[in-house]
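How does the following fold in three dimensions:
(one chain, ligands or ions: 2)
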Amino acid sequence: MMKKALLIVDVQNDFCPGGALGVKEGDKVVPVINRMMGLFDLVISSQDWHPADSVHFEKWPVHCVAGTHGADFHPELNSEKIDLKLHKGTDNKDDGYSAFEATNVALADYLRNREISAVYVCGLTTDYCVKKTALDAVKEGFHTYVITDAIAAVNAQPGDDKKALQEMYASGCILVGSGEIQ
Ligand code: VGL
Ligand code: ZN
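Ligands and ions are numbered 1, 2, ... in the order given. Alright, predicted model coming up:
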């Protein structure tokens, strides 16, 4: 049996409407993700977890500062079902867009040690951290799925979401709907 992990990227208050870097309909991914959790051998989350003096904030409004409310999970996310919680972007010199850059756990080794061969990526945001995480998952040799109804984009330029999906598809990611997962 192919073992599979759900990778929930950055479903944090600051990326949801009303947050410091709130994305349109960012909160809509939450019920979709909660419904899927039971289908996986392993459920893993990442959290953007920046120091207040990060160089990252030269590109972005201040968001997801470690330990703040903005860095907490969306309150409706069923975080009790999460087996492993990753922190990324923790160094003041790094963007940490990919969950594979988590600084508390070496994610690729962690997955391989548990014989996970397929990774399903969802969460926020389509054009940054979801994309970088999915591309790294492919590079690390995992069968990589992106759940298209469980992601939302920054869309700094209109169409960035479509572009990101095309790039992920062209790199070997498989695009699926949450309803297709067994
Ligand atoms: C993200 C912008 C800045 C993300 C994180 O989670 O996609 N985007 N930091
Ligand atoms: Zn960030």
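
Could you pick out the residues of the chain near ligand 1 for me?
10, 15, 48, 60, 124-125, 128-129 (CB under 6 Å from any ligand atom). Where C-beta positions appear, they are placed from N, C-alpha and C, glycine not excepted.

Would you double-check that residue 36 falls in a strand?
No: read with DSSP: H, G, I helix; E, B strand; the rest coil, residue 36 is helix and lies in no strand.

before we move on, back to that, considering the residues of the chain next to ligand 1, which possesses the most neighbours?
Neighbour counts for the residues of the chain next to ligand 1, by other CB atoms under 10 Å, peak at residue 124, which reaches 31 neighbours.

who's it bridged to?
Judged by DSSP bridges, the bridge partners of residue 124 are residue 152.

doesn't residue 11 make contact with it?
Yes: if you go by CB atoms under 8 Å, residue 124 and residue 11 touch, sitting 6.0 Å apart.

Overlap in contacts, these two.
26, 29 (CB atoms under 8 Å, 6 or more residues apart in numbering).

and stretch 64-73, what's its mean pLDDT?
For stretch 64-73, mean pLDDT is 98.

ugh, wrong one, I meant stretch 99-109
98.

What residues sit buried inside it?
99-102, 107-108 (16 or more other CB atoms under 10 Å).

Reduced to three states, what does residue 20 come out as?
Residue 20 - assigned by three-state DSSP - is coil.

Check what pLDDT it gets.
pLDDT, read off for residue 20, is 98.

Please report the distance of the residue nearest to it when sequence neighbours are not counted from residue 22.
Leaving out its chain neighbours, the residue that sits closest to residue 20 by CB to CB, 6 or more residues apart in numbering is residue 63, at 4.0 Å. Shown here: residue 63 relative to residue 22, a distance of 9 Å by CB to CB, to the nearest Å.

would you turn the residues of the chain next to ligand 1 into a markdown table with pLDDT?
Listed next are those as a markdown table, based on pLDDT from 0 to 100:
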| residue | pLDDT |
| --- | --- |
| 10 | 99 |
| 15 | 98 |
| 48 | 98 |
| 60 | 98 |
| 124 | 98 |
| 125 | 98 |
| 128 | 98 |
| 129 | 98 |
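
Nearest to residue 29 among these?
Lowest distance from residue 29 to the residues of the chain next to ligand 1 (CB to CB) belongs to residue 124, with 6.9 Å.

any chance you could map the helices in this protein?
Counting by DSSP state H, one finds helices in the chain at the ranges 29-36, 107-113, 129-139, 160-170.
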